[in-house]
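Peer 1: please find the sequence and the predicted model below.
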Amino acid sequence: MAFLTAVDYLLRAARENPGVTAVVSGDYSISYGELDRMTGNIARALIKAGVCKGERVGLLVKRNWQVPVAMYGVLRAGAAYVPLDPGYPASRLLYMIKDADISLVLTGDDLDVEGYEGAVMRVGELCRKDVTGARLPEPEPEDLYAVMYTSGSTGNPKGALWKHRCPLNYAAQYAAQLNLKPGDAVLSYAGFSFAVHTIDYIPALMASATVHIAPDDIRLDTAAVSAYIDRNRIVGALFPTSFGRRFIAETDNRTLRAITLGGERFMPIPQCPPRSYDIYNGYGTTELCSVVLTAKIDLNADRIPVGKPVNGMKAAIVDDDGRETDKGEIVISGPSVSAGYLNLPDKTAAVFKNGAYHTGDIGVWADDGSILVVGRKDYQVKIRGFRVELAEIDAAASEFEGAHECVTIAHID
């Protein structure tokens, strides 16, 4: 079987199930046939505007139907997308735009980046008209898919280079894990700037399933999220660990087949009654494009492992000399590993070695062959699923007048 990219899955779903709902956002829904038309319009408009294969296009969109439409529109043009979170300060967005050499930004109808003077195209406008043009390019496995920025120890974010091959391994396992079929529904909970946003969409494409984008006004309310899942017969979701743990403890949902948690260490929930759905721990980083280790969670276990490698991936625990050991740094290899950092050759060489990514997480082997995370080699922390390099905060704080030296620590409250 030939390698299929996310674009191939979209086109297949549109061809085989054009009337099936692809995306639900509030009261608005898009069928796979409409998604094909909208993304094709955006792709042809980008090409007419001079966007070439492999170029980076900024995406400044809110968490609504415009996320998948803009994302797949860029990919169908042969370009790569760069998520630009509207909640980020303008200075951070401008740095990312310059670092990624972005000359065109796709935006929501009411969004702009203060200080950006390059070309802008509006997603809504492009979707409301038909754009004609030549046949669109077909992405290859090694073509650039996205540049995903994450916190950096130098004071500026660093961009991980994703290829089209990167998010597909776990996407296929996730679709199989949920036994997704046409018309099944999954929840999109994560923000667009989080690496796992791809797993909100690609497994659905693989199965012609429906993605419900969780409304922002209920996202922190476990009861409201559970009610939304029940009402829309949603079978699967990925949650940040901090929210997912509360969701498990505070609700007893009967619609879900499984949920996956990730972004932070999962702490056991003593005396929590068994749930009717499966619960998985997911481990991954922006540099690994999605989940690369996973384990089914026993809520009452003393320690919760991050799991075993997903299909096609390999994991090792090594000492400072690169020799395998019982306790040491977790190293991941396989097709999900990104191509390094944009414009940071020294940083890339330091952590991407021989096709493997050195995570900086300290792990130990559990008796069943899964991995437990027990610490970090550096000062990186996770706060409600957000990855934070404390040195980045140090660098920002040192810019204040009168600040001569800065140190940031994480305090558990």
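Peer 2: Sure thing, it's come through. Source: prediction; values computed, not measured. Residues are numbered from 1 along each chain as shown.
Peer 1: how about low-confidence regions in the stretch 251-400 of the chain?
Peer 2: 378-387, 389-392, 394-395 (pLDDT under 70).
Peer 1: can you show me the strands along it?
Peer 2: Using DSSP state E, counting those that start in this stretch, the strands assigned to the stretch 251-400 of the chain run over residues 258-262, 278-283, 293-296, 308-309, 314-318, 327-333, 352-353, 356-365, 371-376, 380-383, 386-389.
Peer 1: quick one, what contacts residue 231?
Peer 2: When the contact criterion is Cβ atoms under 8 Å, 6 or more residues apart in numbering, residue 231 has no partners at all. Just so you know, the C-beta spots here come from the backbone N, C-alpha and C atoms, and that holds for glycine as well.
Peer 1: returning to what we had before: go through the strands of the stretch 251-400 of the chain and name the closest to residue 90.
Peer 2: Taking Cβ to Cβ, strand 386-389 is the member of the strands of the stretch 251-400 of the chain nearest to residue 90, at 19.3 Å.
Peer 1: if we can go back for a sec, dump the strands of the stretch 251-400 of the chain to JSON lines, plus mean neighbour count and distance to residue 216.
Peer 2: Listed next are the strands of the stretch 251-400 of the chain as JSON lines, based on neighbours: other Cβ atoms under 10 Å; distance: least, Cβ to Cβ, whole Å:
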{"stretch": "strand 258-262", "mean neighbour count": "24", "distance to residue 216": "20"}
{"stretch": "strand 278-283", "mean neighbour count": "23", "distance to residue 216": "23"}
{"stretch": "strand 293-296", "mean neighbour count": "21", "distance to residue 216": "28"}
{"stretch": "strand 308-309", "mean neighbour count": "19", "distance to residue 216": "34"}
{"stretch": "strand 314-318", "mean neighbour count": "18", "distance to residue 216": "35"}
{"stretch": "strand 327-333", "mean neighbour count": "20", "distance to residue 216": "33"}
{"stretch": "strand 352-353", "mean neighbour count": "16", "distance to residue 216": "35"}
{"stretch": "strand 356-365", "mean neighbour count": "19", "distance to residue 216": "31"}
{"stretch": "strand 371-376", "mean neighbour count": "16", "distance to residue 216": "30"}
{"stretch": "strand 380-383", "mean neighbour count": "16", "distance to residue 216": "20"}
{"stretch": "strand 386-389", "mean neighbour count": "17", "distance to residue 216": "17"}
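Peer 1: who wins for proximity to residue 61 among those?
Peer 2: For residue 61, the closest of the strands of the stretch 251-400 of the chain is strand 386-389, at 19.6 Å, according to Cβ to Cβ.
Peer 1: just to revisit the earlier point, can you put the strands of the stretch 251-400 of the chain in TSV and add distance to residue 113?
Peer 2: Output for these, formatted as TSV (distance: least, Cβ to Cβ, whole Å):
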stretch	distance to residue 113
strand 258-262	29
strand 278-283	32
strand 293-296	36
strand 308-309	39
strand 314-318	39
strand 327-333	34
strand 352-353	30
strand 356-365	31
strand 371-376	33
strand 380-383	25
strand 386-389	21
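Peer 1: for the stretch 101-250 of the chain, give me the ranges with low pLDDT.
Peer 2: Short version for the stretch 101-250 of the chain, where the test is pLDDT under 70: 152-154.
Peer 1: can you give me the helices in it?
Peer 2: Ranges of helices in the stretch 101-250 of the chain, per DSSP state H, counting those that start in this stretch, are 123-127, 168-177, 197-207, 222-231, 241-250.
Peer 1: want to throw the ones you listed into JSON lines with distance to residue 213?
Peer 2: Conversion of those to JSON lines gives the following (distance: least, Cβ to Cβ, whole Å):
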{"stretch": "helix 123-127", "distance to residue 213": "14"}
{"stretch": "helix 168-177", "distance to residue 213": "17"}
{"stretch": "helix 197-207", "distance to residue 213": "8"}
{"stretch": "helix 222-231", "distance to residue 213": "11"}
{"stretch": "helix 241-250", "distance to residue 213": "16"}
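Peer 1: out of those, which is the most enclosed?
Peer 2: helix 197-207 (a mean of 25; mean count of other Cβ atoms under 10 Å).
Peer 1: just checking, what packs against that one?
Peer 2: Applying 3 or more Cβ pairs under 8 Å, 6 or more residues apart in numbering; DSSP states H and E, one finds that helix 197-207 contacts helix 6-16, helix 66-76, helix 168-177, strand 185-188, strand 210-213.
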